[in-house]
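> Structure of the sequence below:
(one chain, ligands or ions: 3)
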Amino acid sequence: MTGGETPAPVKPVMTKAVTIPSLNAMRASGAKITMLTCYDASFATLMDRCGVEVLLIGDSLGMVCNGHHSTLPVTVAEIVYHTAAVARGNKSAMVIADMPFGSYGTPEAAFNNAVQLMQAGAHMVKIEGGAWLAETVRFLTDRAIPVCAHLGLTPQSVHQLGGYKVQGKSIESAAQLKADSLALEAAGAALVLYEAIPSALGKELTEALKVPTIGIGAGPDCSGQVLVMHDILGVFPGRKARFVKNFMDGQTSIDAAVSAYVNAVKDGSFPALEHCF
Ligand SMILES: Nc1nc(=O)c2c([nH]1)NC[C@@H]1CN(c3ccc(C(=O)N[C@@H](CCC(=O)O)C(=O)O)cc3)CN21
Ligand SMILES: CC(C)C(=O)C(=O)O
Ligand SMILES: [Mg+2]
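Residues are numbered from 1 along each chain as shown. Ligands and ions are numbered 1, 2, ... in the order given. You can find the predicted model right below:
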């Protein structure tokens, strides 16, 4: 600016930070929560700008970034590295970090590892498993570490599940998922994420809980949806799961594709029947 001019008024671009209370309010109002995996600062800035509310540093990074055949080789140090990068690029989204395989075998181990993820910039950690984790969820939440519980298809248990298969199809396993969900909510879980379960069960479990639920292949009635970033951009070379949709189709930029994902989740057009079990 040259001397004597009146400075143009600065329009404040203040997007309010996404918090646990704001996610609870979204669940209460029926506004769908949008979540994507994110592994670096540039994509964090882009996703945050496009209105993605939750960024997940998923242990899927072992597969999509590192070429492993499962999530089991992923370490705490790797999640710390990617969480710090995402946190630097992010302004207002909530940042959730996956606790990797073997890092939450006891409440004390979970706490020590979760502290590293929180200090790297996570606002919450995610752990895979049912009621056996209730004590761990309580231990972490009592110590100011919010927890997201991940149920249904839990990829870290792939060798017990016998593959990446739909869960909760029998009456018994559906009842087990409900008991697990209620136990984890009672233990203090702030969010519950369901992967690859029948849509009707996703609806029933969401109605049974007070906290928001996030689905990936869990039907349209969860409080929100998540997908792996590489899947929505069509860059993951592996076989596509049924719940995946390539949002680059018909778009000419990554910004447009991410915005199309956000809009489709918000208006309920994703997931469609073809993405559900
Ligand atoms: N790129 C990528 N996307 C993911 O969603 C993802 C990862 N990687 N890595 C970690 C886990 C593994 N996941 C997977 C992988 C494959 C299927 C899959 O192909 N499922 C079958 C279900 C078969 C059945 O039981 O009927 C499907 O047809 O969708 C599901 C989840 C989800 N996670
Ligand atoms: C697929 C999501 C839920 C996840 O856990 C991951 O990306 O690791
Ligand atoms: Mg994961």
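> What are the buried residues along stretch 227-245?
Neighbour counts over stretch 227-245 (16 or more other Cβ atoms under 10 Å) mark Leu227, Val228, Met229, His230, Asp231, Ile232, Leu233, Phe236, Ala241, Phe243, Val244, Lys245 as buried. C-beta here means a position set from N, CA and C on the backbone, and glycine is covered the same way.
> same thing with stretch 30-38?
Lys32, Ile33, Thr34, Met35, Leu36, Thr37, Cys38.
> What residues does the residue nearest the centre of the chain make contact with?
Taking Cα atoms, centre = their mean, the centroid of the chain lies closest to Leu56, which sits 4.7 Å from it. Each residue near Leu56 by Cβ atoms under 8 Å, 6 or more residues apart in numbering is listed here: Met35, Leu36, Thr37, Cys38, Ile96, Ala97, Asp98, Lys126, Val226.
> rerun at 10 Å
By Cβ atoms under 10 Å, 6 or more residues apart in numbering, the contact set of Leu56 is 35-39, 86, 93-98, 122, 124, 126, 148, 193, 214, 226-229.
> Give the buried residues for stretch 124-138.
So for stretch 124-138, counting by 16+ other Cβ under 10 Å, buried means 124-131, 133-134, 136-138.
> Among the residues you listed, which one lies nearest to Thr252?
Nearest to Thr252 among these is Lys126, at 33.1 Å by Cβ to Cβ.
> which SS class is the closest one?
strand (DSSP: H, G, I helix; E, B strand; the rest coil).
> Does the closest residue to it other than its chain neighbours lie in a helix or a strand, and which?
Sequence neighbours aside, Cys148 is the residue nearest to Lys126 in space, at 4.2 Å (criterion: Cβ to Cβ, 6 or more residues apart in numbering). Cys148 is part of strand 147-152 when elements are defined by DSSP states H and E.
> now that strand against strand 124-128, angle please.
30 degrees (axes from the mean of the first three to the mean of the last three Cα atoms, to 10 degrees).
> quick one on the thing from earlier: restrict the contacts of Leu56 to those that also contact ligand 1, please.
Contacts with ligand 1 are made by Val228 out of those, judged by Cβ under 6 Å from any ligand atom.
> Can you list which of the contacts of Leu56 are found in strands?
Judged by DSSP state E, the contacts of Leu56 include 35-37, 94-98, 124, 126, 148, 193, 214, 226-227 as members of strands.
> For the residue nearest to Lys126, which residues are in contact?
By Cβ under 10 Å, 6+ apart, the neighbours of Cys148 are 35, 54, 56, 94, 96-99, 124-127, 137, 184, 189-193, 211-212, 214.
> Next, the contact list for the residue of the stretch 51-200 of the chain found nearest ligand 2, please.
In the stretch 51-200 of the chain, the residue that lies nearest ligand 2 is Gly58 (2.2 Å; Cβ to the nearest ligand atom). Neighbour list for Gly58: 35-39, 64-65, 71, 74, 79, 82, 96-98, 126, 150, 155, 216, 226, 228-229 [criterion: Cβ under 10 Å, 6+ apart].
> wait, isn't Ala131 in contact with Asp180?
Yes. Contact criterion Cβ atoms under 10 Å: Ala131 and Asp180 qualify, at 4.9 Å.
> any residues in contact with both of these two?
Ala149, Leu151.
> if we can go back for a sec, not counting the helix or strand following the strand holding Cys148 itself, show me its contacts.
Sequence order places helix 158-161 as the next helix or strand after strand 147-152, per DSSP H and E. Outside helix 158-161, the residues within contact range by Cβ under 10 Å, 6+ apart are His69, Ser70, Thr71, Leu72, Phe101, Leu153, Thr154, Pro155, Tyr164, Lys165, Gln167, Ala196.
> Secondary structure and neighbour count for the residues you listed - can I get that in JSON lines?
Putting the contacts of helix 158-161 into JSON lines (DSSP: H, G, I helix; E, B strand; the rest coil; neighbours: other Cβ atoms under 10 Å) gives the following:
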{"residue": "His69", "secondary structure": "coil", "neighbour count": "10"}
{"residue": "Ser70", "secondary structure": "coil", "neighbour count": "16"}
{"residue": "Thr71", "secondary structure": "coil", "neighbour count": "20"}
{"residue": "Leu72", "secondary structure": "coil", "neighbour count": "16"}
{"residue": "Phe101", "secondary structure": "coil", "neighbour count": "20"}
{"residue": "Leu153", "secondary structure": "coil", "neighbour count": "25"}
{"residue": "Thr154", "secondary structure": "coil", "neighbour count": "19"}
{"residue": "Pro155", "secondary structure": "helix", "neighbour count": "21"}
{"residue": "Tyr164", "secondary structure": "coil", "neighbour count": "15"}
{"residue": "Lys165", "secondary structure": "coil", "neighbour count": "10"}
{"residue": "Gln167", "secondary structure": "coil", "neighbour count": "25"}
{"residue": "Ala196", "secondary structure": "coil", "neighbour count": "24"}
